[in-house]
Each structure stands twice: as C-alpha cells, then as structure tokens.
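Q: please find the sequence and the predicted model below.
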Amino acid sequence: MPAAKLGISPIAWWNDDLPELSDDVSLEECLRQASEAGFSGIETGRRFPMTMKELGPLLDRFSIAVCGGWFSGLLLDGDIEAEKDRIAEQMALFRDAAAPCIVYGETARSIQGERNAPLAGKARLTEPEMAAYGRKVSDFADWCSREGMAISYHHHMAAVVETEQELDLLMKHSSVPLLLDTGHLALAGGDNLRAIDNHHARISHVHTKDLRTGVADGIDRRRASFLDAVIAGVFTVPGDGDLDFTAIAKALAATGYEGWFVVEAEQDPAANPPRAMAVNSRAELARVMAAAGYEVEG
C-alpha cells in the first residue's frame with residue numbers, strides 16, 4: 001500500500017500576490033486551523049519566520065511539519081551563481097526543517113502577478129530556448145540536491161512553462177523533478193492523467209488544486225489576467241470544484257508515487273472561509289486516498 005502525506009498551503013489564509021484576498025489571522029492561528037483540520041504538513045508563506053529557532057516551536061506546538069514552500073525563481077534570464085545566493089536562506093531553513101523540497105516557480109518573464117496583463121500575452125519560448133533553459137534549471141537542481149535540499153519545478157499559469165506542451169518540452173530538455181499542480185494544468189487546457197502517464201517518474205510533489213470549470217470557461221484570456229481569474233474564483237479546494245481527484249490519485253498510486261498531496265487553492269477567504277475549506281478538503285482527500293489505496297501517514 002503506497003504512503004501519502006496530506007499538507008496544505010497558507011495561501012488560503014493569506015495571498016502573497018493579492019493582499020486583499022487575505023484573512024486577518026496570525027501565523028499561530030493559521031497553524032492551529034490547519035492542524036485541527038487534520039493536516040500533518042504546511043507549506044511556508046510570507047508570514048513565516050525564516051529560521052527554525054523561531055518557527056520550530058510553533059510547528060511543534062501544533063504537530064505540523066514544513067512540507068514545501070514557494071521560491072520565486074529568476075533562472076530564465078539570470079545567473080546560476082546569483083540564484084544560489086537568492087535561495088540560500090530558504091534552503092537553510094528547509095534543511096533544518098527536514099522539508100521534502102523547495103517549490104521552484106519561474107517568475108522571469110512571467111505575468112502571473114500583473115493584474116493588467118492578459119493571460120493571452122504570456123511569454124513563450126521556442127524549443128531551442130526551452131532546451132537552454134532546461135539545461136540551466138537542471139544544473140541548478142543538481143546543485144540544490146548536492147547541498148541537501150531538492151527543488152520541485154512548479155508549472156504555472158502566465159509563466160513560461162504553463163501549457164502541457166510547454167511542460168512536455170521542459171521535461172524533454174531537463175532532469176528537474178516535477179511538481180504536478182492539478183488546477184494550473186487543467187486551467188491551461190492540459191490533461192492531468194496524460195501528464196501523470198508521461199512524467200510520473202519525475203513527479204516529486206503534488207498540489208491538489210481544484211478547478212471551477214464554469215468560471216474557467218467564462219474567462220476571456222485576451223482581456224483577463226491570472227489574478228482576475230483568481231478573484232473570479234477559478235480555483236478551489238478538492239471536492240468543491242470539478243476535477244476528478246479519485247482518478248488522479250489512482251493514476252498516481254498506479255505509478256508508485258508516494259509523498260505529499262498539498263491543498264493549495266488561492267481564494268477570497270471572505271467567500272471561502274479557510275477553516276471550513278481546510279476541514280472539507282481534508283475530508284475529501286481522505287476519501288480519495290482510501291479509494292486509490294493510499295495509506296495516509298500522520
């Protein structure tokens with residue numbers, strides 16, 4: 001029976017790109033709610049201290065572990081040595097916290113944080129450009145691994161690796177571990193089951209983000225930005241949208257995937273109370289894991 005661990009991202013409580021979509025709760029209260037909902041892990045966010053001396057006692061109090069956390073990468077147009085310096089503080093924290101990985105998201109040339117930049121205008125790379133980028137990301141991932149902390153690459157709406165085709169090219173031209181984000185891939189028009197079939201050997205982390213397809217279908221990508229889509233409510237937690245997480249979990253189990261399944265769904269906390277979303281998504285993931293034959297740890 002494969003093993004699974006269930007985690008959650010603090011983005012349901014505080015949105016890093018849209019501060020107005022943030023609940024007025026402390027880090028301590030966020031950890032309390034996540035733990036009481038039944039999650040054994042949490043990804044880091046903007047209100048987290050960057051040393052275990054400060055963070056460790058809070059994690060211990062609520063019996064919760066660091067199960068990942070976003071890093072805004074700039075490798076596409078940047079220098080590997082500069083990237084090493086930029087990630088050093090987070091890497092030290094994650095090593096001390098025994099985290100499974102750092103979530104690497106490429107933000108160079110990305111319009112994911114630009115409210116007035118339509119989705120259709122995102123940057124696109126030719127295959128030779130993707131190949132050069134893939135070599136650079138691979139070299140950086142190899143260095144991170146040697147330093148004692150893996151990275152997992154997060155394909156993302158409005159970034160240079162957004163679509164399934166772009167993901168396929170990156171996987172073809174790199175050796176970097178992959179974070180599968182179900183909601184981002186679906187919103188980009190991709191097929192999660194096909195991506196699992198094609199790239200399961202590379203998947204090292206999973207974000208279980210659900211999609212409201214009715215909202216997604218109504219987005220005019222010539223005019224709406226990624227942040228517009230978030231505000232409209234395109235993403236939600238498992239069980240509250242339209243993706244088939246039982247099929248996704250069964251596909252991952254069939255490939256032998258073991259590790260974290262992390263709820264990461266940016267929403268308006270006023271319309272989608274984070275505590276209730278956490279409780280409901282944990283219950284849905286428990287159902288899904290059982291159906292897929294996973295044993296949930298923690």
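A: That came in fine, so what should we check first?
Q: quick one, strands of the stretch 1-150 of the chain?
A: Applying DSSP state E, counting those that start in this stretch to the stretch 1-150 of the chain gives strands spanning 3-8, 41-44, 65-73, 102-106.
Q: these: which one's closest to Ala186?
A: Among the strands of the stretch 1-150 of the chain, strand 102-106 comes nearest to Ala186, with 17.5 Å by Cβ to Cβ. For glycine as for every other residue, the C-beta is placed from the backbone atoms N, C-alpha and C.
Q: quick one: mean pLDDT for the closest one?
A: If you average the pLDDT over strand 102-106, you get 98.
Q: in the sheet, who's paired with the most centrally placed residue in the chain?
A: Central residue of the chain (Cα atoms, centre = their mean): His207, 4.8 Å from the mean position. The partner list for His207 in beta bridges (DSSP bridges) reads Asp181, Val262.
Q: also Ser72?
A: Gly105.
Q: what number of residues lie near it?
A: 15 (other Cβ atoms under 10 Å).
Q: thinking again about what came up before, check what pLDDT the residue nearest to the centre of the chain gets.
A: At His207, pLDDT is 98.
Q: hang on, the earlier thing: need the strands of the stretch 1-150 of the chain in TSV with distance to Met52, can you?
A: Formatted as TSV, these follow (distance: least, Cβ to Cβ, whole Å):
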stretch	distance to Met52
strand 3-8	18
strand 41-44	12
strand 65-73	9
strand 102-106	15
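Q: these: which one's closest to Pro273?
A: Comparing the strands of the stretch 1-150 of the chain by Cβ to Cβ, strand 3-8 comes nearest, at 14.0 Å.
Q: the closest one packs against which elements?
A: If contacts are counted by 3 or more Cβ pairs under 8 Å, 6 or more residues apart in numbering; DSSP states H and E, strand 3-8 sits against strand 41-44, strand 65-73, strand 259-263, helix 274-292, strand 295-297.
Q: redo that, cut-off 6 Å
A: The contact analysis (3 or more Cβ pairs under 6 Å, 6 or more residues apart in numbering; DSSP states H and E) places strand 3-8 against strand 41-44, strand 259-263, helix 274-292, strand 295-297.
Q: turn these into a markdown table, columns for distance to Leu59.
A: Listed next are the helices and strands packed on strand 3-8 as a markdown table, based on distance: least, Cβ to Cβ, whole Å:
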| stretch | distance to Leu59 |
| --- | --- |
| strand 41-44 | 8 |
| strand 259-263 | 15 |
| helix 274-292 | 17 |
| strand 295-297 | 16 |
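Q: kind regards, and thank you for your time.
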